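> Sequence first, predicted coordinates after that:
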Amino acid sequence: MDTWRARLVVLACVFTVLTFAGPAIAGEHLVFDAFLGAQLTPTGVDPNRDYFFAAGMAVDSRGFVYVADPVNHSVLIYDGLGVRRVTGVCCYTAYGDGFLARNVSVVLKFPMSVAVDPRNDDVWISSTLTGQVIKMDKDQRLLNFFGGRGTGPGQFETPIRVAVDSVGNLYVLDDGGRTYDVRRSYSTSDANVRIQKFRADGTFVRAWGSLCEFSSASVGPCNASAAGAIVIGDGQFGFSHFLAVVDPRGPTQQGFQVSQVGMAVDSLGNVYVADQDRVQKFNTNGVFLTKWATSVSGADVAVDFADNVYVTEFDNDRIRKFDGTGTFLATAGSTGRGLGVFGGPAFIAALPRNLVAFCEFFIKPFDPKAQCRKIYVAETRNLRVQVLQARQDSDDDSLVDEVDLDPTIVSDEAAAGNAGAHVLTRTGLPFVVYDPPSTSDTIRITAWNTFLTTGQPLTFDVALFCRYPTRPSGGRITIAGDNALDFHCSIPTLDILAGPIPWTFTAADGTVATATLTDGDSLSVDPTTSSIRSNAGMLALTVGGSSITLPAGQTIFADTTPPTTQAAVSPPANNGDVTVSLTTADNAAGSGVKEIAVALRGAHNSAATISGGVATIPITMDGSTTVTYFARDNAGNAEAAKSLTIRVDKTCALVKLYRPPDGARMLLGFDLAPETYGFREPDTTARLAFPVCEFSLEGEALPLK
């Protein structure tokens, strides 16, 4: 839950007169913010979610979120710190102050809807299967309840939706018994199909509406007698779409039929009803004003801080946005179980005006990353609630709330901190690259949670990089309509939120590593060593054409180039001890030299493996020694073995000299005597290359100098 919401618990105040901008600009996107009461799973359904399915929702001025959980006969309250479950409401002890007396309590029975009074955060709940509406204060103390079966004022058959306007008036929509428990007998009451309006204390004001079902073969009891009606069916309500709910828990299976119909109220008290693939608009007195069509299976309606109207389309898995006159503004969503995509969006709610105002005026100036404009979408196939932010794309480049690398132009590159993303494809429909809330140095990428007017999601290639200096990092991904991931650069890391996501990394030596990453996978890439580490998940990789399974905590290298070793011999003469020096270097951005293997055969016989890239081998024994060596890098690449032969002869020689003929001269490298002597061999200029222990001249020993 958002950190600023927790702060609102203490700081919240109510604004009763507010002025907001009108419809959102073309660059508005709906961006995933969080799940409420459920987590992302590969199937889209969390078995440990808080609710069986989430129905009507509302948010108070403190940021507390109320979620109806009808199958569990309760309402959940999310306060930013945890969740509380309300299954019944009990009394307050005082008299004469609007509260009921001690020992009065009511139990919730299949509550389908909840609404908050913006003046004081009082909460109205429809207890649908008891035919009652219940009012409690923000501390869950009972204030009022009324209803019961009947067709009179203040009586209901199955009150399915409730809404409250800015002055506290309550509106209750009744579907006339069409929401019911299939295990029990039921009957419909067409006379109850209507909206009733009450004051905040429960006093009846008026009722309007009647049944007209277009899907009926007889077209039902349709007419044009409603106030303001233009054609048949205006001002009437139909229930042609239903949810079939099956609860297999417990000793006996439960089943419910639920009408798909929505109701919301704007800041002026106008009432919007979504039914039979349309939205009808009434003024606060029930006079029909206008209507507009939605696509098939419009299920619910919500009004935001600026009086824009959101409509869920259950079968199309999307949300459509209109202004208060029915002018179409945008469409969001597609089928999926990832972030910002939907599976059966059936219920929707928006933040109240006073909460948005408080956030905009008092939170956002001090916390620019705070997102003040949100909607809540409950899905009945994915069985979860998504919180979505309405964000702006300032330069209309499909990268939402990004820091453009070149903000002077429409850019296809964005970064937050050191992490960046480069959109390689610019055709077709856009997707979202943005800086997620409450994180640093992270880019979040999702493919299909953006407001669009037409079309279907496509597939996009994105290159990930790090800045300071700018360098390729993390590889390249292919994003489709059901994907999301986070990327950050402390060590370039990809955290997969919703897969599968094809991933490719090309090392400096051209080695290619690929994988298909799924939900929960996490990997880190160090481009300076071409290393790939699994942080979470069992990664199935292909590296340089070889298949590798990489468990969490282990590292492999995308490096297929072996290192290279150079040898040097010192001193070059072999009439004494010799040292062979081996120096190994790996390829640029390679995995690094691990070790050098050396084997000596001949005068020396030994073998060793020396860690690192430098080895020194002394040759001290007389005779011939062959040195064979090769190096191996951290990726396991080994160079071809090389060898060299070293001959050492440290035994001194006895040299016999003879007087040279006249004019001959021999160079020994040192003076033998005042006279010059030489060999009888033809090459009398050869220099001795071996140690000499004695010279003799025609059998007579000469002293060494």
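Great, that's in hand.
> Check what pLDDT Phe239 gets.
Phe239 carries a pLDDT value of 90.
> Next, count neighbours for it.
Under the neighbour criterion other C-beta atoms under 10 Å, Phe239 is assigned a count of 22. Placement of C-beta: from N, CA and C, glycine included.
> quick thing: my sequence starts at 59, can you match it?
Right, with 59 as the first residue, what we last looked at is Phe297.
> Show the contacting residues for it.
233, 236, 271, 317-319, 333-334 (C-beta atoms under 8 Å, 6 or more residues apart in numbering).
> For stretch 393-408, what is the distance to the chain centroid?
Its chain's C-alpha centre and that of stretch 393-408 lie 15 Å apart, by C-alpha atoms, centre = their mean, to the nearest Å.
> quick one: average confidence on the host helix or strand of Asn412?
Per DSSP states H and E, Asn412 falls inside helix 411-416. Mean pLDDT, computed over helix 411-416, is 92.
> residue ranges for the strands of the stretch 159-308 of the chain, please.
164-165, 169-174, 181-185, 190-194, 200-205, 217-222, 228-232, 238-239, 252-256, 262-266, 300-305 (DSSP state E, counting those that start in this stretch).
> Arg241 - how many residues pack around it?
If you count neighbours by other C-beta under 10 Å, Arg241 ends up with 11.
> Equivalent analysis for Gly384, please.
18.
> State whether it and Tyr330 are indeed in contact, as I suppose.
No. Using C-beta atoms under 8 Å, Gly384 is not in contact with Tyr330, being 9.8 Å away.
> overlap in contacts of those two?
Counting by C-beta under 8 Å, 6+ apart, the contacts common to Gly384 and Tyr330 are 337, 339, 367.
> top of those residues by neighbour count?
When neighbours are counted by other C-beta under 10 Å, Val367 leads the shared contacts of Gly384 and Tyr330 with 26 neighbours.
> Who does that one form a beta bridge with?
Note on Val367: beta-bridge partners by DSSP bridges are Val361, Phe380.
> for the stretch 409-558 of the chain, what are the low-confidence residue spans?
Residue ranges of the stretch 409-558 of the chain with pLDDT under 70: 452, 454, 465, 484-489, 495-497, 505-516.
> residue contacts, Ala571?
Contacts of Ala571 (C-beta under 8 Å, 6+ apart): 533, 562-565, 590, 599-602, 616.
> change it to 10 Å
For Ala571, the contact set (C-beta atoms under 10 Å, 6 or more residues apart in numbering) comprises 533, 561-565, 581, 583, 588, 590, 599-602, 604, 606, 614-617.
> one step back: mind putting the strands of the stretch 159-308 of the chain into TSV with mean neighbour count, distance to Arg690 and mean pLDDT?
Converted to TSV, these look like this (neighbours: other C-beta atoms under 10 Å; distance: least, C-beta to C-beta, whole Å; pLDDT from 0 to 100):
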stretch	mean neighbour count	distance to Arg690	mean pLDDT
strand 164-165	17	74	93
strand 169-174	27	67	98
strand 181-185	28	70	98
strand 190-194	24	73	97
strand 200-205	19	77	95
strand 217-222	27	71	98
strand 228-232	26	75	98
strand 238-239	18	72	91
strand 252-256	23	79	98
strand 262-266	16	84	98
strand 300-305	14	61	88
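> got these as TSV, with distance to Val125 columns?
Below are these laid out as TSV (distance: least, C-beta to C-beta, whole Å):
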stretch	distance to Val125
strand 164-165	18
strand 169-174	8
strand 181-185	11
strand 190-194	15
strand 200-205	20
strand 217-222	14
strand 228-232	19
strand 238-239	21
strand 252-256	23
strand 262-266	28
strand 300-305	16
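> returning to what we had before: mind giving me the ChimeraX command for buried ones among the contacts of Ala571?
With 16 or more other C-beta atoms under 10 Å as the criterion, this ChimeraX line picks the buried residues out of those:
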select :533,561,563,564,565,581,583,588,590,599,601,602,614,615,616,617
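> Which of the contacts of Ala571 fall in strands?
Among the contacts of Ala571, DSSP state E puts 533, 561-564, 581, 583, 590, 599-601, 604, 606, 614-615 in strands.
> Output the below-cut-off pLDDT ranges for the stretch 559-708 of the chain.
Applying pLDDT under 70 to the stretch 559-708 of the chain flags residues 631.
> And the strands in it?
Applying DSSP E, counting those that start in this stretch to the stretch 559-708 of the chain gives strands spanning 559-564, 570-575, 580-584, 589-594, 597-601, 604-608, 613-615, 622-628, 636-643, 651-660, 664-669, 672-677, 681-691, 700-706.
> Identify the bridge partners of Val337.
Ala332, Trp350.
> Could you tell me how far it is located from Gly356?
According to C-beta to C-beta, to the nearest Å, Val337 stands 7 Å off from Gly356.
> Now the common contact residues for these two.
The overlap between the contact sets of Val337 and Gly356 (C-beta under 10 Å, 6+ apart) consists of 320, 369, 378.
> Among those, which ones are in helices?
Assignment to helices by DSSP state H places none of these there.
> so can I have JSON lines of those residues showing neighbour count and distance to Thr145?
Output for the shared contacts of Val337 and Gly356, formatted as JSON lines (neighbours: other C-beta atoms under 10 Å; distance: C-beta to C-beta, whole Å):
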{"residue": "Gly320", "neighbour count": "27", "distance to Thr145": "25"}
{"residue": "Val369", "neighbour count": "26", "distance to Thr145": "31"}
{"residue": "Arg378", "neighbour count": "22", "distance to Thr145": "35"}
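> from these, which is closest to Asn250?
Of all the shared contacts of Val337 and Gly356, Gly320 has the smallest distance to Asn250: 17.9 Å, by C-beta to C-beta.
> What strand or helix carries the spatially closest residue to the closest one that is not a sequence neighbour?
Nearest residue to Gly320, sequence neighbours excluded (C-beta to C-beta, 6 or more residues apart in numbering): Asp358, at 3.4 Å. For Asp358, the element it lies in under DSSP H and E is strand 356-361.
> Pull that strand out as CSV, backbone CA atoms only.
Provided in CSV are the C-alpha atoms of strand 356-361 (Å, rounded to 0.1, in the frame of the first residue of the first chain):
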residue,chain,number,x,y,z
GLY,A,356,-20.5,-3.0,-19.9
ALA,A,357,-20.5,-4.1,-16.2
ASP,A,358,-19.8,-1.2,-13.9
VAL,A,359,-19.3,2.6,-13.8
ALA,A,360,-17.2,5.0,-11.7
VAL,A,361,-16.7,8.8,-11.7
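> so what's Gly602 up against?
Gly602 touches 565, 567-571, 615-619, 693, 695, counting by C-beta under 10 Å, 6+ apart.
> Tell me how far it lies from Ser592.
Note on Gly602: its distance to Ser592, by C-beta to C-beta, is 17 Å.
> Equivalent analysis for Phe204, please.
Applying C-beta to C-beta, the value for Phe204 to Ser592 is 60 Å.
> Next: Tyr229.
Separation of Tyr229 from Ser592 (C-beta to C-beta) stands at 55 Å.
> from the contacts of Gly602, which is closest to Thr667?
Thr667 lies nearest to Asn695 out of the contacts of Gly602, by C-beta to C-beta, at 15.5 Å.
> Now do the closest residue to that closest one other than its chain neighbours: how many residues are near it, please.
Nearest non-adjacent residue to Asn695, counting by C-beta to C-beta, 6+ apart: Pro620, 4.0 Å away. Neighbour count for Pro620, taken as other C-beta under 10 Å: 21.
> Go ahead and confirm Pro620 touches Ala699.
No. Applying C-beta atoms under 10 Å as the test, Pro620 and Ala699 come out as separate, 11.2 Å apart.
> what's the overlap in contacts for these two?
Shared between the contact lists of Pro620 and Ala699 (criterion: C-beta under 10 Å, 6+ apart) are residues 688-689.
> just to revisit the earlier point, wait, which of the ones in strands among the contacts of Ala571 is closest to Ile501?
Gly533 (13.7 Å).
> The residue nearest to Gly320: how many residues sit nearby?
For Asp358, the tally of surrounding residues (other C-beta under 10 Å) stands at 28.
> ok now do it, which residues does it touch?
113-115, 171, 219, 318-322, 332, 368-372, 377, 403-407, 435-436.
> Return the subset of those residues lying in strands.
Among the contacts of Asp358, the ones falling in strands (DSSP E) are 115, 171, 219, 320-322, 332, 368-371, 377, 403-407, 435-436.
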